[in-house]
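**Q** Can you look at this prediction? I've put the sequence above it.
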Amino acid sequence: MLQIAFIRENQEKVLKALAKRNMDAKSIVELAVQLDEKRRATQAEMDNVLSESNKLSKDIGELMKSGEKAKAEILKAKTVSLKEKSKELSDKLDVYTEELTEQLYLLPNLPADLVPEGKTPEDNVTTLQEGEIPDLHGEALPHWELVKKYDIIDFELGNKITGAGFPVYKGKGAKLQRALITYFLDKNTEAGYQEFQVPHFVNEASAYGTGQLPDKEGQMYHDATDNLYMIPTAEVPVTNLFRDVLLQENELPILATAYTPCFRREAGSYGAHVRGLNRLHQFDKVEIVRVEHPDKSYEALEGMVEHVRTILNELKLPYRILRLCGGDMGFASAMTYDFEVFSTAQDRWLEISSVSNFETFQSNRLKLRFKDKDGKNHLAHTLNGSSLALPRVLAGILENYQTPEGIVIPEVLRPYTGFDIIN
């Protein structure tokens, strides 16, 4: 969430930046500033009352020592009144603080200067396109037909067990899935990311901490009995490992990776563009998360992009990198790069990774800070990226590596799968 002190001192800058997201935030910003003024005035008044009350307590002590009990009783009566006033101001302060927080939760992150103007995905900027798009044989199939032909993923069986969007992986399909997870984790740990295994449910504080709430309630599966949320990405539990943590500057950067299943309701997702593995309610993903010094977070962002590139180059998949425009960025992001793999059989690009810098947006909610060498506390910067999301990577492999003899396994994965073709 944005810091109210920054908003208060830079109202025009904030409004201009949010306009890049095609958001007119004037009424929210003005109300937030008004509530902050009331909150600060109430806090100042309460501090004065507490200061006066403390002074009276000392005076009462001195009077009692000197035997002037009558005067002490008069002052005691006054302290009762001050305590009542203090309680009244405290309740008032809580209301203003809660109302201010509610307004701040409505404001997305400010886009970085490099974020292009635009309203739709068509306005995103392609920064790189790499890899050769294969020339498939005349009877090439989309992946949802291939998985039936080779009996490696069963959508109907998943629908029977649970519902649409919950596929069952079988035989070589399950082994290929497991091979991709292990390969991604190995690549990440080799690059210095520490591996974690984390819960697949998070509490409300965690969902607020990384910005899933209150923005994405409709996309999250919620257990109302225990008020827990199934994770939409490992970003949520991994980043929350550092909630309410004060780091030392020399502990930065922190690099973490985790594999988890991910759960998204994806309400309203219908049609041909979501067939097969293109969009699921449960899918596997390997995530990378970084906690960085503010001066180094954009250098880290570029490093994460290069890391994901390395993986796609080894898989020899055709891909492109997009810098997202203001209108297409996620709520919490200051800047995002999307990776898309080309699905030759579908003749379309499929998003397989988003790599984002959140600057202090998440850390302000998380109270994730570091102490510099002078002993001053600062909010850290948080970043995360998919490295990688499996369903569409798998779809790209199945479609781009298909031959009349079967689906060839990318060479880099063969030590993990133990076979080189699905036939």
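**A** Perfect, I can see it now.
**Q** Where does residue 72 fall, secondary structure wise?
**A** Taking DSSP states H and E as the definition, residue 72 sits inside helix 69-105.
**Q** Okay, strands next: where are they in the stretch 201-350 of the chain?
**A** Listed in chain order, the strands of the stretch 201-350 of the chain (DSSP state E, counting those that start in this stretch) span 201-203, 222-223, 228-230, 246-248, 254-263, 282-292, 319-323, 335-343, 348-359.
**Q** for the stretch 51-200 of the chain, same thing?
**A** 125-130, 153-154, 168-169, 194-196.
**Q** As TSV, the strands of the stretch 201-350 of the chain with mean pLDDT, mean neighbour count and distance to residue 307 would be great.
**A** Bear in mind the C-beta positions are built from the backbone N, C-alpha and C, glycine included. Converted to TSV, the strands of the stretch 201-350 of the chain look like this (pLDDT from 0 to 100; neighbours: other C-beta atoms under 10 Å; distance: least, C-beta to C-beta, whole Å):
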stretch	mean pLDDT	mean neighbour count	distance to residue 307
strand 201-203	98	17	26
strand 222-223	95	12	33
strand 228-230	97	20	27
strand 246-248	98	14	23
strand 254-263	98	21	10
strand 282-292	98	24	7
strand 319-323	98	20	12
strand 335-343	97	23	11
strand 348-359	96	22	9
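**Q** Of all these, which one comes closest to residue 99?
**A** Distance to residue 99, taken as C-beta to C-beta, is lowest for strand 201-203 among the strands of the stretch 201-350 of the chain, at 23.3 Å.
**Q** which of the residues in the lengthiest helix in the chain are buried?
**A** The residue-count maximum for a helix in the chain (DSSP state H) belongs to helix 26-65. By neighbour count on 16 or more other C-beta atoms under 10 Å, the buried set for helix 26-65 is 28-29, 32-33, 35-36, 38-39, 42-43, 46, 49-50, 53, 56, 60, 63.
**Q** list the helices and strands that helix packs on?
**A** Here helix 26-65 is seen to pack against helix 4-9, helix 11-19, helix 69-105 when contacts are counted using 3 or more C-beta pairs under 8 Å, 6 or more residues apart in numbering; DSSP states H and E.
**Q** TSV for those, including distance to residue 262 and mean pLDDT?
**A** Converted to TSV, the helices and strands packed on helix 26-65 look like this (distance: least, C-beta to C-beta, whole Å; pLDDT from 0 to 100):
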stretch	distance to residue 262	mean pLDDT
helix 4-9	32	96
helix 11-19	29	97
helix 69-105	23	89
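**Q** Select, out of these, the one closest to residue 327.
**A** Closest to residue 327 of these is helix 11-19 (C-beta to C-beta; 10.6 Å).
**Q** Cool, thanks, talk later.
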